[in-house]
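Undergrad: Pasting the sequence and the predicted coordinates here, then a few questions.
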Amino acid sequence: MYSVYLVLKIELFARLWLLPKCELHATLTGHTSSIFGVDLNQEQNLCATSSADKTVRLWSLMTNRCVKILHASTDDFIMSVSLQHGFIAYAFGVHIIIYRVNITEIRACTVQKVMETQEHCGRIESVQLIKLNEDEKLPSLVSAGHDGLIKYWDLINIASQHTYNVQNEDLVKINSIYADPTHIVTVCDDTSVKILDFSIRKHDD
């Protein structure tokens with residue numbers, strides 16, 4: 001089983017550790033500025049890193065080599081990346097780009113753009129691809145950032161379907177999110193942690 005551990009955000013490389021013994025498996029080098037985001041796909045054969053050098057790199061974990069470089073279309077740092085369910089999403093400034101990813105042992109990594117959007121009003125700090133249920137053919141995307149908003153994106157209609165506001169009276173910037181099919185956890189710059197619960201509860205009569 002693999003786990004990627006980014007040593008420090010100021011580093012130019014990501015380190016891949018084998019669990020449960022925490023043995024160093026590989027060091028992924030190639031970025032020319034700080035790495036801000038890292039993710040593994042479910043098959044654990046592909047890793048994605050995003051960086052202040054305005055690129056996302058896709059790494060084969062069979063060879064520990066970079067197999068694809070994707071770019072930001074502005075001068076903003078790429079703050080977050082998610083690599084799940086055959087897609088990659090990454091955020092820079094108020095922009096989000098999503099590609100479909102295909103990689104095999106006999107063919108180079110190929111990508112096909114699915115969506116590019118900019119609905120957020122502040123820098124996006126976190127994106128996560130997620131399947132809300134196993135019957136879905138395509139994942140959904142959850143995004144959040146400095147505008148204090150959380151957005152659910154539908155890759156079928158290529159549009160945001162829901163927007164949630166975690167602010168009270170003051171602007172609260174969201175620095176990170178974690179999402180599963182029933183919850184979204186946000187970590188904000190005011191040191192608060194907020195949990196949005198979408199589970200259906202059964203109440204006793």
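TA: Sure, I can see it. Residues are numbered from 1 along each chain as shown.
Undergrad: any weak-confidence spans in the chain?
TA: Within the chain, the stretches with pLDDT under 70 are 1-10, 104-108, 168-169, 200-205.
Undergrad: Go ahead and flag the most central residue of it.
TA: Centroid check for the chain by C-alpha atoms, centre = their mean gives Ser82 as the closest residue, at 2.6 Å.
Undergrad: And the contacts of the helix or strand it falls within?
TA: Taking DSSP states H and E as the criterion, Ser82 maps to strand 78-84. Contact partners of strand 78-84, identified using C-beta atoms under 8 Å, 6 or more residues apart in numbering, comprise 36-42, 46-52, 54-56, 58, 72, 88-92, 101, 123-130, 139, 141. Any C-beta I mention is one placed from the backbone N, CA and C, and that applies to glycine too.
Undergrad: Show the subsequent helix or strand relative to it.
TA: strand 87-92.
Undergrad: Could you spell out the sheet neighbours of that next one, each with its direction?
TA: Applying DSSP bridges to the sheet, strand 87-92 is found paired with strand 78-84 (antiparallel), strand 95-102 (antiparallel).
Undergrad: Can you show me the CA trace of the shortest one as PDB?
TA: Right, strand 78-84. Output of strand 78-84 as PDB, limited to C-alpha atoms (Å, rounded to 0.1, in the frame of the first residue of the first chain):
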ATOM      1  CA  ILE A  78      -1.600  25.900  -8.700                       C
ATOM      2  CA  MET A  79      -2.800  25.400  -5.100                       C
ATOM      3  CA  SER A  80      -4.700  22.100  -5.100                       C
ATOM      4  CA  VAL A  81      -5.000  18.900  -7.200                       C
ATOM      5  CA  SER A  82      -7.300  15.900  -7.000                       C
ATOM      6  CA  LEU A  83      -6.700  12.700  -9.000                       C
ATOM      7  CA  GLN A  84      -9.600  10.300  -8.600                       C
END
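Undergrad: how far out from the middle of the chain is that strand?
TA: Centroid displacement of strand 78-84 relative to its chain, using C-alpha atoms, centre = their mean, to the nearest Å, is 3 Å.
Undergrad: now stretch 92-99
TA: On C-alpha atoms, centre = their mean, the centre of stretch 92-99 falls 10 Å from the chain's centre.
Undergrad: swap in stretch 133-151?
TA: Stretch 133-151 has its C-alpha centroid displaced from the chain centroid by 10 Å (C-alpha atoms, centre = their mean).
Undergrad: Between the two ends of it, how far is it?
TA: 18 Å (C-alpha to C-alpha, to the nearest Å).
Undergrad: What are the buried residues along it?
TA: Within stretch 133-151, the residues that count as buried by 16 or more other C-beta atoms under 10 Å are 139-151.
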